[in-house]
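Visitor: Structure for this input, please:
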Amino acid sequence: MTGEEGTRSSSSSRPDEGPLSVGLRALPRPAAVVVGAGGVFGAAQVGAGYALEQRGFVPDLIVGTSVGALNGAIMAAHPGKAAAWLDRVWTRLRRREVFPLGYLSSRASVFADRGLRRLIAQAGLPSRIEQLEIPFTAVATDLATGAQAVLDHGDLESALLASAAIPGVLPPVDREGRRLVDGGVIAYVPVRAAQQAGAASVVVLSVGPESAPLRPTIPPRRAAAVAARAGLLLWHQQIERDLHEVSSRIPTVVLPTGIETWPAPWDFGHSQQLIDTASLAAGRFLDGLRISGPGLYRGDDPPATSVGLNKARTASVSEGGR
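Guide: From the prediction side, this is the model:
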């Protein structure tokens, strides 16, 4: 599934100027965009958003988990023109703005959520989910039962806070009689929620090393490295299980990021490179995409012709990016 080289649209050009690609045009409707978890890796979702917008694709519904819920809500509020706004936010964002030190909220979390609340307030979003331009669902986890919490109506801010409430890091959210935490606990890539919402096809903006093919590695010895590897395996298995389950019923497209080397999960300094690289990789993949019924449509990630994180800036310029 390869094709012509994709280039990123600039903020001054309208993404709907380009024709809808053959693969995107063939997706059964209603088509959902699914935006997964990933923390700072959510910058790569912005690059994938550029690729979709440039090709004129507007989904019928959007489902997001954690950082993907915030990115997805902004996409739902500004169809076809959210990527440039998200680009500006992500490239200026710093860790202390999201995880401010010195603001312990309670025994339930290390950080308060005031940084995240401020970010949501600056996003120009409506107060209620129903007021978004595109139907939207945020996915969280019920801390008491472990069940998936599908938040598709009511207060938007509390839904986004709940979906992004990393256990122990950000405080749980009490909403409609339930105590909720990060949706990534139960649905790192919420494709099942999209299908349950009625999607006949899904396009997944999947990010981070958790969603890339696993590579053999020497087993780590240090405690932190062991925990990190175990977490990677846990999320990877959950993602693959859900993708294969849903793709057996409907076309499931997973956009590649082209990222070879991911930054540390708390390092916001590489956002521009993540955006540029993901835009090129997703665009290339979409231009060669062909849909032939239910199945899992995904490119190699990173593909043989992709660029690494350290080369993203150079590639963006040479391929006609910003």
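
Visitor: Any regions of the stretch 101-250 of the chain where pLDDT drops low?
Guide: Under the criterion pLDDT under 70, the flagged ranges of the stretch 101-250 of the chain are 101-106, 108-109, 207, 209-211.

Visitor: Show me where it has its strands.
Guide: 136-142, 148-151, 173-175, 178-182, 201-205 (DSSP state E, counting those that start in this stretch).

Visitor: Going by contacts, tell me the helices and strands next to the first one.
Guide: Which is strand 136-142. Applying 3 or more Cβ pairs under 8 Å, 6 or more residues apart in numbering; DSSP states H and E, one finds that strand 136-142 contacts strand 61-65, helix 67-77, strand 148-151, helix 156-163, strand 178-182, helix 191-196. C-beta here means a position set from N, CA and C on the backbone, and glycine is covered the same way.

Visitor: mind running it again at 10 Å?
Guide: strand 31-35, strand 61-65, helix 67-77, strand 148-151, helix 156-163, strand 178-182, helix 191-196 (3 or more Cβ pairs under 10 Å, 6 or more residues apart in numbering; DSSP states H and E).

Visitor: and what of the second one?
Guide: In terms of contact count using 3+ Cβ pairs under 10 Å, 6+ apart, strand 148-151 is assigned the packing partners strand 136-142, helix 156-163, strand 173-175, strand 178-182, helix 191-196.

Visitor: quick one: residue 89 is in a helix?
Guide: Yes. Under DSSP: H, G, I helix; E, B strand; the rest coil, residue 89 falls within a helix.

Visitor: give the contact list for residue 229.
Guide: Residue 229 is in contact with 217, 219-220, counting by Cβ atoms under 10 Å, 6 or more residues apart in numbering.

Visitor: Mind doing that once more with 7 Å?
Guide: residue 220 (Cβ atoms under 7 Å, 6 or more residues apart in numbering).

Visitor: That one and residue 239, how far apart?
Guide: 16 Å (Cβ to Cβ, to the nearest Å).

Visitor: what do you get for residue 64?
Guide: For residue 64 relative to residue 239 (Cβ to Cβ), the value is 15 Å.

Visitor: of these two, who's got more company?
Guide: Neighbour totals were compared for residue 64 and residue 239, and residue 64 leads with 34 against 23 (other Cβ atoms under 10 Å).

Visitor: out of the strands of the stretch 101-250 of the chain, nearest to residue 28?
Guide: strand 201-205 (4.8 Å; Cβ to Cβ).

Visitor: What is that closest one packed up against?
Guide: strand 31-35, helix 191-196, strand 251-254 (3 or more Cβ pairs under 7 Å, 6 or more residues apart in numbering; DSSP states H and E).
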